[in-house]
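Enquirer: need a structure here:
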Amino acid sequence: MKKYFHIILLLSLCSAVFSQDIKNLDGDGVLKGNSYFPLFSGAKWSWTLEMDGAKTDFTWEIKGLYSVTDVKNNLEGVAAFYVECKELDGSWYFIENEGFISFYEKIDTEYVITKFFPLNPKIGDKWTSNYRINTVSSVTDDFVKVDIESDDLSTVGYRLYRKNIGLFDLYELEKTDKEELMTKWTLKEYSSFDPNTIPKIDDSSSSETAIASVENLSDDSSIKIDEFDENDEFYSSDNSEVSVVADKDPIDEEAVSVEEPEVELLIETPEESYFIPNLKVDKNYIQIGSFAMLANAINFYLDKKTGIPGFKFCIFKDVDGLYKVLIETDAYDSTIIDSIRKKIEPKSFFKQRKVK
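Expert: Sure, this is the predicted structure:
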């Protein structure tokens, strides 16, 4: 009898450890997340996915609100928004957990929590998920930019979150020994929490960046994105007093991380001539890379300088603490930037233009 009692007790303990309960709730009028990634029943984001030259459309749609209790993951009555992506045959929950909006999804036989976006994003916030180091690099009233970088620097990219919209844009570039693989998400439509109001972005900012142009709301509160153009003055972290003329090309800041792994230098002693203390007001500077670790910046610098002669490369420690790999030039027309984007880095941009 005592033996059976122990078995029953063991089964009870196992049940307590692995117990999970998901209950449906009334999600009408419930708003969670934050202004840069609002979560509510009926929220819907439709993207175009571009990968290796092929394009396809897919949608995330929040179908309802649930309460989740999961002893193993230390969740008790946590609000969870159930999300479906029919095109990719996927489903998961968005929850608020430990200061983050996180994925809560079943992988194999267990539910796993994966951090996605901070509830209160601040520059320098960093976390690791899906073998990616994520770093908040820009926070404004209009958007939050999260830079992405893998441990071995083989993958770099970013995610852009727009106020009152959510995840707006995603870009990743993975470099292998044989090829480069590009993944890009571009938002086409999204749903507003308030069906009577188009989410607006404050255009009183000193930046001349064009904001998203939207059509009038349809009956289902779906909003179509016509275009989204960016200029590098808006995204550059350069806050020096140097006069800057914004590049008209739609570009993005090179993805960076403030928690990338330190690697071994390819040289024993860095030369001081690599570095410049300030940006000269009578020169143009084109940014081709940005790194948190000096060793990574120097190795990138040496690789580009050795492999592609004819350009004046330099490293500049910016006000954000990141090491920017730049090309110094007197040229300022589209010919030079087109050449650098073709020969060196497709995401290069004018960090500074001298005043003519």
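
Enquirer: disregarding residues adjacent in the polypeptide, which is nearest to residue 76?
Expert: In space, and not counting its chain neighbours, residue 76 is closest to residue 69: 5.3 Å by CB to CB, 6 or more residues apart in numbering. Glycine gets a C-beta too; all of them are placed from N, C-alpha and C.

Enquirer: same deal with residue 136?
Expert: Counting by CB to CB, 6+ apart, residue 136 lies nearest to residue 125, which is 4.2 Å off, once chain neighbours are set aside.

Enquirer: who's in contact with the one you found?
Expert: Contact analysis of residue 125 by CB atoms under 8 Å, 6 or more residues apart in numbering lists 118, 135, 136.

Enquirer: now the second one, what's its secondary structure?
Expert: Counting by DSSP: H, G, I helix; E, B strand; the rest coil, the backbone at residue 135 sits in strand.

Enquirer: mind listing the helices for the stretch 251-356 of the chain?
Expert: 294-307, 334-343 (DSSP state H, counting those that start in this stretch).

Enquirer: which of these comes out lowest on mean pLDDT?
Expert: Comparing mean pLDDT over these, the weakest stretch is helix 294-307, at a mean of 79.

Enquirer: tally of neighbours for residue 36?
Expert: A count of nearby residues for residue 36, using other CB atoms under 10 Å, gives 23.

Enquirer: pLDDT score for it?
Expert: So residue 36 comes in at 94 (pLDDT).

Enquirer: show me what contacts the nearest residue to it once chain neighbours are set aside?
Expert: Setting aside the residues directly before and after it, residue 36 is nearest to residue 161 in space (CB to CB, 6+ apart), at 4.2 Å. Listed by CB under 8 Å, 6+ apart, the contact partners of residue 161 are 36, 37, 117, 143, 144, 145, 146, 167, 168.

Enquirer: could you verify that residue 161 is part of a strand?
Expert: Yes - residue state for residue 161 (three-state DSSP) corresponds to a strand.

Enquirer: my guess is residue 344 meets residue 305, correct?
Expert: No - the criterion here is CB atoms under 8 Å, and residue 344 misses it with residue 305 at 10.2 Å.

Enquirer: find residues that contact each of the two.
Expert: residue 311.

Enquirer: so which residues of the stretch 1-150 of the chain form helices?
Expert: 2-18.

Enquirer: flag the shaky bits of it, pLDDT-wise.
Expert: Within the stretch 1-150 of the chain, the segments meeting pLDDT under 70 span 1-19.

Enquirer: so which of the helices of the stretch 251-356 of the chain gets nearest residue 285?
Expert: Closest to residue 285 of the helices of the stretch 251-356 of the chain is helix 334-343 (CB to CB; 11.3 Å).

Enquirer: quick one: the closest one to helix 294-307, angle?
Expert: Helix 334-343 runs at 100 degrees relative to helix 294-307, counting by axes from the mean of the first three to the mean of the last three CA atoms, to 10 degrees.
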